[in-house]
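K.L.:
Give me coordinates for this.
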Amino acid sequence: MDRDYQITCTGNILREWQSRRTTLAVAPTGTGKSHIIAAICKAVFPKRVMVLSYRKEIILQLRNTIEQETGYETGVEMADMHTHAGLFGHKQVIVSTVQTQISKHNGVRRMVKFPPGEFGVLILDESHHAPASSSKETIDYYLTNPSLRVLGLTATPDRHDQKALGQIFESVAFNYEILDAINDGWLVYPDQRMVSITSLDISRVHTTAGDLNSGELATVMEHERNILGVADATLQIAEARRTIVFTASVMQAEAICNIFNRYRPGSADWVCGETPDERRIIMLERFKSGDLQIVCNCDVLTEGYDNPWVEVIAMAAPTKSRSKYAQKIGRCLRPIPKLVDLLPNPDARRMAIACSQKPRAIVLDFVGVSGKHKLVNTADILGGDAFCDEARTRAIQLASEMGTTCRLVDVMEQEQAKLEEERRRVEERRAKDRARRANLKASISFTQRPVNAFNNLDIDPTTGAWDSGRRLSQAQLDFLRRSGVDAGNMTYKQGMQELIKAKYRASKRKCSDGQAALLGRFGLDPTRFTGAAASKVIDKLKANGWKPLTHHEREEIYNERGNRARDRQVQGEIESILRASGG
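P.N.:
Here you go, the predicted model:
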């Protein structure tokens with residue numbers, strides 16, 4: 001293992017383990033997670049290591065890589081394959097599946113044969129599955145050893161899974177995104193092709209556990225016109241390139257395969273979980289050698305399949321899961337063997353890929369009516385956090401309209417730049433408008449009638465000499481207290497003004513002090529508004545961006561509240577209250 005990011009990843013993991021028991025490393029498909037696992041096995045020697053994954057194909061690949069790179073004899077615990085569990089004659093590294101670990105024999109979990117105290121490290125490959133109950137049970141079993149350290153490895157955790165993963169792994173030691181690996185020249189860039197199928201409608205498919213309901217999706221994708229649309233577009237775009245088609249059901253995989261062979265006899269085959277091992281091995285060997293051009297599969301080649309000659313991925317099973325999508329397109333991102341490993345820098349590696357037999361990969365996404373579903377595509381995988389959602393949405397729309405393969409990152413960069421320019425212009429207009437309003441306020445401030453925020457009847461609360469020594473009666477104080485006003489420290493004059501306001505509000509439901517102050521800022525007379533009317537005017541001011549009112553606009557607002565005769569009647573009522581209160 002001599003790639004710089006693999007060395008960095010290993011160092012970060014060991015450093016995290018100094019203060020934490022569990023940590024996670026993220027590295028995309030095709031960047032050599034098995035080499036990182038082998039490096040960890042060497043680094044922690046003589047501690048024993050238990051490596052767990054989920055597919056038997058991955059288990060056998062892990063065993064071969066670990067033995068080749070470490071020289072340690074590696075045991076396999078899976079199905080009818082068993083390894084010694086004791087301290088004497090034991091294997092330094094054991095690889096197993098989670099399913100094997102939790103399987104029972106005579107009512108006892110198989111993992112019980114491996115005492116947790118015998119292992120110093122537990123490594124969980126494809127750890128986006130870790131939140132599942134079977135994985136958690138296995139991890140918890142080995143964590144009964146207080147000195148155990150746990151590492152999770154995954155290509156791309158789904159955003160929906162990140163919270164669940166955070167409950168298992170205390171930190172992220174390393175995060176290497178697909179676009180990082182492409183820019184560094186370790187992976188091939190995937191060109192995007194959005195293929196529109198008019199009969200494809202998944203708007204009525206429900207969401208189950210964060211993704212499209214598999215049964216309902218299969219029913220849609222098995223529709224004859226959709227199968228024909230997928231097959232026709234794939235044949236035209238893939239031409240002679242080796243292609244993997246991911247389907248939503250076994251029936252769909254078989255049907256599309258038959259159409260391929262109808263047009264190009266012997267070009268395609270299909271595989272599912274029930275395909276016998278011997279037939280599957282022969283088929284995939286033919287595919288790798290080029291004797292077979294297309295393999296249609298239902299949930300078989302998603303993880304653990306390594307064939308760098310694959311150039312096209314046809315996503316005939318739409319998904320909302322970022323991790324599933326990333327796993328699938330990862331099958332076509334490896335460069336051809338031994339092309340880039342000895343080259344010294346990213347520029348040299350990218351140039352070698354561009355001049356190779358596989359200068360790019362192609363990802364076909366089939367689009368139709370999706371309704372409210374937000375389907376994942378390469379924009380989500382390549383964009384990461386570098387592009388906003390609107391830039392991604394625009395790029396996807398443009399890719400659909402182009403009808404040709406395109407570099408989606410380039411389109412996203414263009415749209416992001418346009419959005420930033422649009423936002424800059426909007427901000428410039430806002431800044432000019434703020435400056436204009438500031439100048440306007442400065443020029444008209446001396447013409448505005450000052451409104452005292454102390455009350456909404458605009459009565460001066462100062463105390464005259466004739467009020468000296470006078471106090472509100474207890475009845476008046478009680479009335480104010482019931483109205484929510486504490487007049488204990490007020491002068492007689494101030495208390496009288498509050499009393500007038502309280503009585504007036506009680507009889508006419510006039511606006512509050514806060515409403516009065518805000519209306520006054522816009523040159524409006526608060527005495528002419530009830531609380532409800534003031535609230536409506538303030539809502540309109542807010543909707544208008546709090547822009548200053550012209551004289552004409554103020555008059556229009558007054559006219560909505562009633563004519564001047566009614567205003568004079570209100571003023572007469574105020575004077576009556578003043579006289580009745582002894583003011």
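K.L.:
buried residues in stretch 262-273?
P.N.:
Under the neighbour-count criterion of 16 or more other C-beta atoms under 10 Å, stretch 262-273 has 267, 268, 269, 270, 271, 272 buried. C-beta: built from backbone N, CA, C; applies to glycine.
K.L.:
Tell me how far the second one lies from residue 30.
P.N.:
Yep, that's residue 268 we're talking about. For residue 268, the distance to residue 30 equals 24 Å [C-beta to C-beta, to the nearest Å].
K.L.:
same deal with the fourth one?
P.N.:
Residue 270 sits at a distance of 24 Å from residue 30 (criterion: C-beta to C-beta).
K.L.:
got it, and the first one?
P.N.:
The gap separating residue 267 from residue 30 is 25 Å, by C-beta to C-beta.
K.L.:
likewise the fifth one?
P.N.:
Counting by C-beta to C-beta, the gap between residue 271 and residue 30 amounts to 21 Å.
K.L.:
same thing with the last one?
P.N.:
Separation of residue 272 from residue 30 (C-beta to C-beta): 24 Å.
K.L.:
What score does residue 448 have for pLDDT?
P.N.:
In this model, residue 448 is scored at 36, pLDDT.
K.L.:
which helix in the chain runs the most residues?
P.N.:
helix 408-444 (DSSP state H).
K.L.:
Buried residues in the following helix or strand past it, which are they?
P.N.:
Counting by DSSP states H and E, the next helix or strand C-terminal to helix 408-444 is helix 474-482. For helix 474-482, a neighbour-count test (16+ other C-beta under 10 Å) marks 476, 477, 479, 480 as buried.
K.L.:
The closest residue to residue 490 other than its chain neighbours - how many residues pack around it?
P.N.:
Counting by C-beta to C-beta, 6 or more residues apart in numbering, residue 498 is the residue found nearest to residue 490 once chain neighbours are left out, at 6.8 Å. Neighbour count of residue 498, defined by other C-beta atoms under 10 Å: 23.
K.L.:
what's the average pLDDT for the lengthiest strand in the chain?
P.N.:
Selection of the longest strand in the chain by residue count, based on DSSP state E, yields strand 190-201. Strand 190-201 carries an average pLDDT of 90.
K.L.:
which residues sit in contact with residue 329?
P.N.:
By C-beta atoms under 8 Å, 6 or more residues apart in numbering, the contact list for residue 329 reads 190, 313, 315, 361, 363, 378, 381.
K.L.:
Switch the residues you listed over to CSV; also include secondary structure and neighbour count.
P.N.:
Formatted as CSV, the contacts of residue 329 follow (DSSP: H, G, I helix; E, B strand; the rest coil; neighbours: other C-beta atoms under 10 Å):
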residue, secondary structure, neighbour count
190, strand, 26
313, strand, 26
315, strand, 24
361, strand, 24
363, strand, 23
378, helix, 30
381, helix, 22
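K.L.:
Could you save those residues as a markdown table and add columns showing distance to residue 152?
P.N.:
Converted to a markdown table, the contacts of residue 329 look like this (distance: C-beta to C-beta, whole Å):
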| residue | distance to residue 152 |
| --- | --- |
| 190 | 26 |
| 313 | 26 |
| 315 | 26 |
| 361 | 27 |
| 363 | 27 |
| 378 | 25 |
| 381 | 20 |
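K.L.:
Would you check those residues and say which has the weakest pLDDT?
P.N.:
Pick the lowest pLDDT in the contacts of residue 329 and you get residue 381, at 76.
K.L.:
any idea whether the spatially closest residue to residue 345 that is not a sequence neighbour is helix, strand or coil?
P.N.:
Spatial nearest neighbour of residue 345, chain neighbours left out: residue 185 (7.8 Å); criterion: C-beta to C-beta, 6+ apart. Per DSSP: H, G, I helix; E, B strand; the rest coil, the local secondary structure of residue 185 is coil.
K.L.:
can you check residue 341 too?
P.N.:
Residue 341 - assigned by three-state DSSP - is coil.
K.L.:
Please report the distance of residue 246 from residue 535.
P.N.:
Distance from residue 246 to residue 535, by C-beta to C-beta: 57 Å.
K.L.:
Between these two, which is the more surrounded one?
P.N.:
Per other C-beta under 10 Å, whichever of residue 246 and residue 535 has more neighbours is residue 246, with 27 against 13.
K.L.:
For the more buried one, list the residues it contacts.
P.N.:
297, 298, 301, 302, 313, 314, 315, 316, 317, 328.
K.L.:
Name the nearest residue to the first one, sequence neighbours excluded.
P.N.:
Counting by C-beta to C-beta, 6+ apart, the nearest residue to residue 297 once its immediate chain neighbours are dropped is residue 271, at 4.8 Å.
K.L.:
Can you report phi and psi for that neighbour?
P.N.:
Backbone torsions for residue 271, taken as degrees, to the nearest 10, come to phi -140, psi 150.
K.L.:
Quick check: it vs residue 373, distance?
P.N.:
From residue 271 to residue 373 the distance is 28 Å (C-beta to C-beta).
K.L.:
Just the closest of the buried residues of stretch 262-273 to residue 260, please.
P.N.:
Ranked by distance to residue 260 (C-beta to C-beta), the buried residues of stretch 262-273 are led by residue 268 at 3.7 Å.
K.L.:
Please spell out which residues along stretch 350-360 are buried.
P.N.:
Per 16+ other C-beta under 10 Å, stretch 350-360 contains these buried residues: 350, 352, 353, 358.
K.L.:
Tell me the spacing between residue 189 and residue 379.
P.N.:
14 Å.
K.L.:
likewise residue 190?
P.N.:
Taking C-beta to C-beta, one finds residue 190 at 11 Å from residue 379.
K.L.:
quick check, residue 398 in a helix?
P.N.:
Yes. Counting by three-state DSSP, residue 398 is located in a helix.
K.L.:
ok, back up a step: show me which of the contacts of residue 246 is closest to residue 263.
P.N.:
For these, the residue nearest residue 263 by C-beta to C-beta is residue 314; the value is 14.8 Å.
K.L.:
Phi, psi for residue 151 please.
P.N.:
phi -120, psi 130.
K.L.:
burial of it, as a residue count?
P.N.:
26.
K.L.:
Test my guess that it contacts residue 13.
P.N.:
Yes. With contacts counted by C-beta atoms under 8 Å, residue 151 reaches residue 13, the gap being 5.9 Å.
K.L.:
returning to that earlier point: with the buried residues of helix 474-482 in mind, which one is nearest to residue 77?
P.N.:
residue 480 (82.8 Å).
K.L.:
Next one: that closest one from residue 263, what distance?
P.N.:
Counting by C-beta to C-beta, the separation of residue 480 from residue 263 is 91 Å.
K.L.:
Next: residue 80.
P.N.:
42 Å.
K.L.:
Provide a list of residues in contact with residue 284.
P.N.:
271, 295, 305, 307.
K.L.:
Can you point out the helix or strand that includes residue 520?
P.N.:
Going by DSSP H and E, residue 520 is in helix 513-521.
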